[in-house]
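>>> no sequence on hand, only this structure:
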């Protein structure tokens, strides 16, 4: 199945305020259903070109922390997929929920809990969920990254 | 219980070769028991002063990847604990396995699966496992970090 032809749906988007106090140590407990109180859940990108059913939660790195990276949690709905894209910054990915697959260049790899993916600079990549359950993963990136370009 | 007075034990340490090919995209599947084939599992530090029962696995960042951070998996054995220390670099921690606790300054927080901890610069911190099961978490740090100092 060409993922760009698939249908997918996000059932809900909850928006809560991100922590905005001066950066200090903190604990962000995970609540039900892979949601973190105080962390905002947003759609992946502003424009829905070439992606479908992807939610993003920034866990660390958007609250004034002086760190060179960001830790985000992405969740792809059943039949959803991320942009097929490449860019100069790397991704480090660790699967937390469900199963899915990643395309790295011409290769496709099945993924499950705990699996780690390193996406090298300029590698064309796409994450896809062809299961009936949500597929969720941490994605860590350079905080000073540039913009991706589709391919 | 003062953790420095507790006893703990690491039952096994398996050492396998870390990937050493030029950095390229790759998938590191998680095997049984929170171990990743191709990633070396080592004791936390060379000297066992003020820590006990801690294993470290570097998942991303020690194989030539040009990234400003490292992703490590730490596992603390029952009754084990990390150094009580502070340093200028931050930690971003996400719990993957079991339950434990973190001391941040004078506060102690219980932790379980999916909970996120941000340790700010110069915050005194210690991770402890007072359960009967392993306590495992991802710990992401600046790749150019300095040395910790105990406190």
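Yes, it's here. On a predicted model such as this, the values are computed, not experimentally measured, just so you know. Residues are numbered from 1 along each chain as shown, chains lettered A, B, ... in the order given.

>>> for chain A, give me the ranges with low pLDDT.
Across chain A, the ranges flagged by pLDDT under 70 are A:1-23, A:45-50, A:146-151.

>>> show me where it has strands.
Secondary structure of chain A by DSSP state E: the strands cover A:26-28, A:41-43, A:52-60, A:69-81, A:85-86, A:91-97, A:100-104, A:107-111, A:116-119, A:125-128, A:135-142, A:149-150.

>>> any idea which of the ones you listed gets closest to residue B:43?
When these are compared by Cβ to Cβ, strand A:116-119 sits nearest residue B:43, at 21.0 Å. Every C-beta, even on glycine, is put in place using the N, C-alpha and C of the backbone.

>>> residues in contact with the most centrally placed residue in chain A?
Residue closest to the average C-alpha location in chain A (Cα atoms, centre = their mean): residue A:74, at 2.7 Å. The neighbours of residue A:74, taking Cβ atoms under 8 Å, 6 or more residues apart in numbering or on different chains as the test, are A:44, A:54, A:55, A:56, A:57, A:82, A:127, A:136, A:137, A:138, A:139.

>>> and the second one, what does it touch?
When you say that, I think you mean residue A:54. Residue A:54 sits in contact with A:10, A:43, A:44, A:74, A:75, A:76, A:77, A:80, A:81, A:82, where contact means Cβ under 8 Å, 6+ apart.

>>> now, which of the residues you listed sits nearest residue A:119?
Taking the contacts of residue A:54 together and measuring to residue A:119 by Cβ to Cβ, the closest member is residue A:82, at 11.1 Å.

>>> which residue, other than its chain neighbours, is closest to that closest one?
Closest residue to residue A:82 apart from its sequence neighbours, by Cβ to Cβ, 6 or more residues apart in numbering or on different chains: residue A:127 at 4.5 Å.

>>> do the same with residue A:77
residue A:53 (3.4 Å).

>>> tell me how many other residues crowd that neighbour.
24 (other Cβ atoms under 10 Å in any protein chain shown).

>>> mind listing what's buried in stretch A:107-122?
Going by neighbour count (16 or more other Cβ atoms under 10 Å in any protein chain shown), the buried part of stretch A:107-122 is A:111, A:114, A:115, A:116, A:117, A:118, A:119, A:120, A:121.

>>> revised request: answer the last question for stretch A:131-139.
Buried-residue list, stretch A:131-139, by 16+ other Cβ under 10 Å: A:134, A:135, A:136, A:137, A:138, A:139.

>>> quick one: terminal-to-terminal distance for stretch A:111-119?
Length of stretch A:111-119, first residue to last, Cα to Cα, to the nearest Å: 14 Å.

>>> okay, now residue A:106: neighbour count?
Neighbour number of residue A:106 under other Cβ under 10 Å is 6.

>>> oh, that last question was meant for residue A:37, not what I typed.
For residue A:37, using other Cβ under 10 Å, the count is 10.

>>> how about it: what's its closest non-neighbour residue?
With Cβ to Cβ, 6+ apart, the residue lying closest to residue A:37 is residue A:31, at 5.4 Å.

>>> neighbours of that neighbour, just the number please.
13.

>>> how far away is it from residue B:112?
Computed as Cβ to Cβ, to the nearest Å, the residue A:31 to residue B:112 distance reads 11 Å.

>>> and if you look at residue A:109?
29 Å.

>>> equivalent analysis for residue A:30, please.
In terms of Cβ to Cβ, residue A:30 sits 8 Å off from residue B:112.

>>> list the buried residues for stretch A:78-96?
Applying 16+ other Cβ under 10 Å to stretch A:78-96 flags A:78-87, A:89-96 as buried.
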